[in-house]
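[1] Sequence and predicted structure, then a few things I'm wondering about:
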Number of protein chains: 2
Amino acid sequence: MNANEMAVRARIASRQMMALDAHTKEKALNNIAAALLENEPAILAANQTDLERSARDGLAAPLLKRLKFDLAKIQDVVAGINSLIELTEPVGQTLLMTELEPGLDLYRVSSPIGVIGVIFESRPDALVQISTLCLKSSNAVLLKGGSEALETNRILAEIIHGAGVAAGMPDGWLNLLETRADVNTLLEMDQDVDLLIPRGSNEFVRYIMDHTRIPVLGHADGVCHLYLADDAEQQMAIELAVDSKTQYVAVCNAVETILVDRACADSLLLPLAQALSARGVEIFGCEETCRRLGCQPVTDWHTEYLDYKVSLKIVDHLDAAIEHINRFGSGHTESIVTADSQKARQFMLMVDSGNVFWNASTRFSDGFRYGFGAEVGISTSKIHARGPVGVEGLLTYKYKLFGHGQKVSEFAAGEKIFTHRHMDRPAPF
Amino acid sequence: MNANEMAVRARIASRQMMALDAHTKEKALNNIAAALLENEPAILAANQTDLERSARDGLAAPLLKRLKFDLAKIQDVVAGINSLIELTEPVGQTLLMTELEPGLDLYRVSSPIGVIGVIFESRPDALVQISTLCLKSSNAVLLKGGSEALETNRILAEIIHGAGVAAGMPDGWLNLLETRADVNTLLEMDQDVDLLIPRGSNEFVRYIMDHTRIPVLGHADGVCHLYLADDAEQQMAIELAVDSKTQYVAVCNAVETILVDRACADSLLLPLAQALSARGVEIFGCEETCRRLGCQPVTDWHTEYLDYKVSLKIVDHLDAAIEHINRFGSGHTESIVTADSQKARQFMLMVDSGNVFWNASTRFSDGFRYGFGAEVGISTSKIHARGPVGVEGLLTYKYKLFGHGQKVSEFAAGEKIFTHRHMDRPAPF
């Protein structure tokens, strides 16, 4: 079956999934969890094949580590599936109810989007997470994983699809694409794919966005900022800088640029630089920072290092910090350190990012830490979903109107009038 | 000022609008309403110039009617502004609150999107409606109207911008583009424009969607369906067909295809056709309908007539009706006539459209009839906003995290644990 046929099959499955009940989905998720545990030896064998081939091909050690899928990883994804089962049924929730006139009731009801296309990297856990999230939200899914993980992805997709179908999911609710050519086909299937979620490097996400008419959910980069205001308490400022930069450097919510207010630069700049250097962070600075610290100059304030490197800039005041962030940031996550609530208010209102923090590490910007249970990804778009995206990002809504033969001509002629009474009543179905 | 400079000006204004308070916006809307009434003679004179030039240029009578902007129209738009003033402040609403741990509080807060670009047709009322909706939602706006309405749009934009600025809105919160070249420039300004709303013909909206990386809100077409189920009560079926088709034919929520269940075709087809013909509706049919009624065959089931024309098809059962709609419809509005709640349930679940109705005219699919107060447009997209879109379609949200110096390393080390308690508490700011 080629990518085109798979997309059509997913569309057909998605139609049937519109009417899935919560019980069938729960049964399917339980089946999938059980099947993953039962098939542990086969999964590990397939993963071993991938690991050996990738090692021969010279895949770098950190990527080999991400590729590895062992019993602990299986137990992790099964724990994830169990928490998905606990999550309130997301489809069919009444979001708004308005009586247009007595006997003419309008409901806004949450609904699946339809067919989701997900393109992800080497981690095979992503396949399990994404496919079960799509199941929970009644969406059919087309998945394309990294070629290093070919055998692991193949067996995982087979197990998950089969366990779902055994519980009553339609055939074709999950589809695995395997080649790069498949991805290019996918980008052209705007009739059969409703939303694309690319997870990978900036260049890759940007490429996807530039080559499709399908809406794309995701972020291209995370150039996050920490602003240390004139009154920033020194110890908190340094600790949050160290945590935001070094707690885990290879992630989108790690800080890339620290803005130091000129009013506290004399006292703060040197101890801040020392604390960062002590953690192995290389500092790049603005002209003045370079003069004061003798560091390398920043070449581009847009840079996302994803490494033990940070840009440091001295700014004249709060407004200059906000302006720098709105100009060079990527709309991901920015934090201010201050004791002054007026400064925090100004910063959080005027910084145009999905996540704006006061006296907290940028590293908190994450679906699991936010308590969303599962995360589709982090969106830096302002349309549809913004910030860490849970199952809600896989939902849309539809308006359901329940009438008794009402015509618009009756209202146009003034025989009837709209009441527009908002009520707290769930849709009959 | 060229389109590029205007977009940059709008971006700068939008940054300042992020911190606008409700009082300033109310004052601005009041100022605008008063200024429109005060400047009636100048507005009417400008409109007269447009009308005379357009009549000389041979603009069709219905379009001349849409172009006319008289005292009654001014009073209408002022009434619209007054109802916008009454609307609850949409920005800064807390949508979700979660305590991550005591003293680390996460809020999801509604926020303006930023810069909205709107391209609309000849009706100058649209300029007033859209610019005041953008003001209410704290968005800066770039407007491009039809060239027929050049003088009217110019004076309206000047009055509205000036009255807003006098109340404290930033300079450049509203910008009027005037040429086709400006539109092409606009489509390329994805750094400074966050959302495009094109209002016009299908071809035009499709062109916009195909030529920009900026997200587009809108619908390309409205191929709406009415399905008369096997048990449809004859009088209701005919009355809803007549209302859905003829109450106003030139609009997107008018019905274009009526699906008649085979089980009731013998009794229903002829009286239905007669009722439609009596209102001047020309009927196009499927093969069997043509044989029974002697009408013209349908050439394309995707057709949006926007005229006194309708497609008629006999379908074998409910599933066939759903399949036809999902294949040929545009995801706009579909209605079923039946007394059977199980059939209605199936139809409303499985038809993948923004608006699904039971025993009601498709013409109800409209923001004003839904009680949304004001309408940005009707979206057939499933991403961001679907169905009639009110002020909410012009909003996004941001996450605000209020901490006391918390670091992720404390949680990673197990010194602290997440509580993730959901609470009903509004954000401090």
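    Received it, and whenever you're ready, just let me know what you need. Residues are numbered from 1 along each chain as shown, chains lettered A, B, ... in the order given.
[2] Can you report how many residues neighbour A:Glu86?
    The number of residues packed around A:Glu86, counting by other Cβ atoms under 10 Å in any protein chain shown, is 8. No exception for glycine: its C-beta is placed from N, CA and C like everyone else's.
[3] For it, grab phi and psi.
    phi -70, psi -30 (degrees, to the nearest 10).
[4] What of A:Leu142?
    A:Leu142 has phi and psi values of phi -110, psi 120 when expressed as degrees, to the nearest 10.
[5] Tell me who's in contact with it.
    Contacts for A:Leu142 were tallied using Cβ atoms under 8 Å, 6 or more residues apart in numbering or on different chains; they are A:3, A:6-7, A:10, A:115-118, A:175, A:177, A:186, A:193.
[6] Just the ones of these in helices?
    A:3, A:6-7, A:10, A:186 (DSSP state H).
[7] Now that we have the residues you listed, can you turn them into JSON lines and tack on distance to chain B and pLDDT?
    Written out in JSON lines, the entries for the ones in helices among the contacts of A:Leu142 read as follows (distance: Cβ to the nearest Cβ, whole Å; pLDDT from 0 to 100):
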{"residue": "A:Ala3", "distance to chain B": "21", "pLDDT": "92"}
{"residue": "A:Met6", "distance to chain B": "18", "pLDDT": "95"}
{"residue": "A:Ala7", "distance to chain B": "15", "pLDDT": "95"}
{"residue": "A:Ala10", "distance to chain B": "13", "pLDDT": "97"}
{"residue": "A:Leu186", "distance to chain B": "17", "pLDDT": "94"}
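[8] picking that back up, may I ask which two of the contacts of A:Leu142 are separated the most?
    A:Ala3 and A:Ile116 (14.7 Å; Cβ to Cβ).
[9] ok, these two, which is more surrounded?
    It is A:Ile116, of A:Ala3 and A:Ile116, that has more neighbours when counted by other Cβ under 10 Å, with 27 against 23.
[10] Pretty sure the more buried one sits against A:Leu394.
    Yes. A:Ile116 is in contact with A:Leu394 according to Cβ atoms under 8 Å; the separation is 6.3 Å.
[11] Now list whatever residues contact both of these two.
    Shared contacts of A:Ile116 and A:Leu394 (Cβ under 8 Å, 6+ apart): A:134, A:139, A:195.
[12] For the second one, give me the pLDDT.
    Going back to what we said before, that points to A:Asn139. Among the per-residue scores, A:Asn139 holds a pLDDT of 98.
[13] Now do it: how many residues are near it, please.
    A:Asn139: 27 surrounding residues under other Cβ under 10 Å.
[14] From the contact counts, what lies against the helix or strand of chain A with the lowest mean pLDDT?
    Between all helices and strands in chain A, the lowest mean by mean pLDDT, DSSP states H and E belongs to helix A:202-210, at a mean of 85. The criterion is 3 or more Cβ pairs under 8 Å, 6 or more residues apart in numbering or on different chains; DSSP states H and E, and the helices and strands that helix A:202-210 contacts are strand A:195-198.
[15] residues from the stretch 101-250 of chain A in reach of chain B?
    A:104, A:106, A:108, A:113-114, A:194-195, A:209-210, A:213, A:215, A:217, A:233, A:236, A:239-240, A:243, A:247-248 (Cβ under 8 Å from any Cβ of the partner chain).
[16] Write the PyMOL selection for whichever of those are buried.
    Those of those that meet the burial criterion (16 or more other Cβ atoms under 10 Å in any protein chain shown) are gathered into one PyMOL selection, given here:
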select buried, chain A and resi 104+106+108+113+114+194+195+209+215+217+233+236+239+240+243+247
